[in-house]
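[1] sequence? don't have it. structure:
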């Protein structure tokens, strides 16, 4: 019964203390159960997501937005980068560890027998001295964000001996103690103890911002690969058209040779052009295969043999729709300075530097701690009165009646004479702040350069499209004129073949200019931090 009452008392004590655990102060999403998502638990990787949604007529049909979405969902590099956020989340969880409550309990039995060596052992006629002790104790300790450390202990000892001089035999002692330690200078109060949590939360913010920046780079690469496939297909189409024109010319020359209207040596020129352009077609075909394989890997289609074998059907055309985009360099720079995620990461790093500097100042302070202690004890057991009647008393009643209290208060001061560790911590924090200040300036310089280059590339692409259209128009007219002259017999085949080559070159030039314009538009959006906006895609869900 006495152990039952002791156990109930211990449970009430622990329940009271647990109501003030720091888990109740933790921000939402910082609990282990919330962080341990099914993806983190899984020991195997899942299949690529949602690819069947883009399966049309046996082909993987993708728009630019589709490519962006699949990149965010399935790209292995994006997922590897995402794990940095998960690591930061668990690091934040670990920063709560100093405030975790600790409950310890133990029970032991110690029994010994020995030969009596003193009359005070009171064994009478017994030839052995017997002592048996049962000890049970519960301890609870916890540190709060104010630096306050509390310790509570509840225990009991049950002792039996054959010593006849004892007033109680067996006799039971119970002890209840409370101790509070409050640092007043070093490691005292809220800031010094919350600082590691603040740093861990900013580290999480920094990893999230870095992840956004990395994903923007990944998406820009995915767009570049998409347009590379479009360009490679255009190149293949131009090469095939050029080869077909050369073959038509060769057939005509061969017929003229058979009729005796063409010298034998003149057939080699058109025949060599057919062979040369066939090589260009072969090279264009394999260049297309390589760019398609790269795009499949980016969108995750290479992770499933079924989708890896499917042909790609890209719906975007290189020709710009509507008016060509115009952007003001100054406005673009202001937008970039406000929206580029690299600045968020840099600001979080600088804020952490300031926190570490303040924390280092705190660690340079002397240790001045206040300790308060209060305890209560009780004594009970079995005894016999003068009439030989057996009586019992409860130690627990005395314990919680606080009949026999004890208490003390203490101030302790510790003055470090050198404290080199704290000084080194301060120096490291100052150096880190200086490094991060330079890093922020470097980011600003790089962003400014990125915006400037993106605007210049956009303007260059616009001018190149205009020039490419004009060149294609002139090459088409030249080709028609040379073909007409050759048909009339006033021009040799050399000029026709050269005109065909120039026409193919003009077609390739315009195609490249149009693709470069699309890439330049994406480059401007990337430089200003708005790359995902045109595709109505957000990555916030990946970072929380």
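    Perfect, I can see it now. Computed from a predicted model, the values in this text were never measured in an experiment.
[2] so residue 131 is in which element?
    strand 129-143 (DSSP states H and E).
[3] May I see the buried residues of the following helix or strand past that strand?
    Scanning forward in sequence from strand 129-143 by DSSP H and E, the next helix or strand is strand 149-161. If you call a residue buried by 16 or more other CB atoms under 10 Å, then strand 149-161 has these buried ones: 149-161. Every C-beta, even on glycine, is put in place using the N, C-alpha and C of the backbone.
[4] what's in contact with strand 149-161?
    By CB atoms under 8 Å, 6 or more residues apart in numbering, the surrounding residues in contact with strand 149-161 are 2-3, 6, 9-10, 13, 17, 129-144, 169-182, 395-396.
[5] mind redoing it with 7 Å?
    Here strand 149-161 makes contact (CB atoms under 7 Å, 6 or more residues apart in numbering) with 6, 9-10, 13, 17, 130-143, 169-181, 395.
[6] Just want the most central residue of the chain.
    Compute the mean C-alpha point of the chain, and by CA atoms, centre = their mean the closest residue is residue 85, 1.8 Å away.
[7] hmm, back to that, narrow the contacts of strand 149-161 to those that are buried.
    When neighbours are counted using 16+ other CB under 10 Å, the contacts of strand 149-161 contain these buried positions: 6, 9-10, 13, 17, 134, 136-143, 169-179, 181, 395.
[8] Secondary structure of residue 172: a helix, I assume?
    No: membership of residue 172 in a helix is not supported by DSSP: H, G, I helix; E, B strand; the rest coil, which gives strand.
[9] Residue 380 is in contact with that one, correct?
    Yes: counting by CB atoms under 7 Å, residue 172 does reach residue 380; the two are 4.8 Å apart.
[10] Now for these two: what residues contact both?
    Listed as contacting both residue 172 and residue 380 by CB under 7 Å, 6+ apart are residue 395.
[11] what about this structure, any weak spots by pLDDT?
    Applying pLDDT under 70 to the chain flags residues 1-29, 117-126, 261-263, 265-266, 383-391, 393, 540-544.
[12] distance between the ends of stretch 94-111?
    For stretch 94-111, the first and last residues are 43 Å from each other (CA to CA, to the nearest Å).
[13] right, I mislabeled it, should have said stretch 406-420
    Terminal-residue distance, stretch 406-420 (CA to CA): 40 Å.
[14] circling back: just the closest of the buried residues of strand 149-161 to residue 446, please.
    Distance ranking of the buried residues of strand 149-161 against residue 446, using CB to CB, places residue 149 first at 47.4 Å.
[15] Just grab the bridge partners of that closest one for me.
    Under the criterion DSSP bridges, residue 149 forms beta bridges with residue 143, residue 181.
[16] and residue 68, that one's in a strand?
    No: Residue 68 is assigned helix when assessed by three-state DSSP, not a strand.
[17] Tell me how far it lies from residue 336.
    Taking CB to CB, to the nearest Å as the criterion, residue 68 is separated from residue 336 by 20 Å.
[18] Then residue 53?
    Taking CB to CB as the measure, residue 53 falls 34 Å from residue 336.
[19] who's more crowded, these two?
    Shown here are residue 53 and residue 336; by other CB atoms under 10 Å, residue 336 has more neighbours (23 against 11).
[20] Spit out the contact partners of the more buried one.
    When contacts are counted by CB under 7 Å, 6+ apart, residue 336 is found next to 447, 451, 527-529.
[21] Report how many residues lie close to the nearest residue to residue 481 once chain neighbours are set aside.
    If you skip the residues right next to it in sequence, residue 481 has residue 499 as its closest partner in space, 7.9 Å away by CB to CB, 6 or more residues apart in numbering. Burial measure for residue 499: 23 neighbouring residues, criterion other CB under 10 Å.
[22] and what of residue 375?
    Neighbour tally, residue 375, other CB under 10 Å: 17.
[23] can I assume it sits in a helix?
    No: judged by three-state DSSP, residue 375 forms no part of a helix; its state is strand.
[24] Tell me who's in contact with residue 360.
    If you count contacts by CB under 7 Å, 6+ apart, residue 360 has them with 422, 425-426, 429.
[25] Now intersect those residues with the helices, please.
    Residues from these lying in helices, with DSSP state H as the criterion: 422, 425-426, 429.
[26] ok, of the residues you listed, which come out buried?
    The buried subset of the ones in helices among the contacts of residue 360 (16+ other CB under 10 Å) comprises 422, 425-426, 429.
[27] what's the closest of these to residue 75?
    Within these, distances to residue 75 taken as CB to CB reach their minimum at residue 429, with 37.2 Å.
[28] so the closest one makes contact with residue 352?
    No: in this structure, residue 429 sits apart from residue 352 without contact. The criterion is CB under 7 Å, and the distance is 9.2 Å.
[29] In contact with the residue nearest to residue 481, which residues?
    Taking CB under 7 Å, 6+ apart as the contact definition, residue 499 lies against 478-479, 482.
[30] So what's the residue count around the closest residue to residue 324 other than its chain neighbours?
    Across the structure, with CB to CB, 6+ apart as the measure, the residue nearest residue 324 apart from its sequence neighbours is residue 462 (4.9 Å). Around residue 462 sit 18 other residues, with neighbours defined as other CB under 10 Å.
[31] Same check on the one 5 residues further on?
    Other residues near residue 467 number 13, with proximity taken as other CB under 10 Å.
[32] For residue 72, see how far away it is.
    Where residue 72 is concerned, residue 467 sits at a distance of 36 Å (CB to CB).
[33] swap in residue 273?
    If you go by CB to CB, the gap between residue 273 and residue 72 works out to 46 Å.
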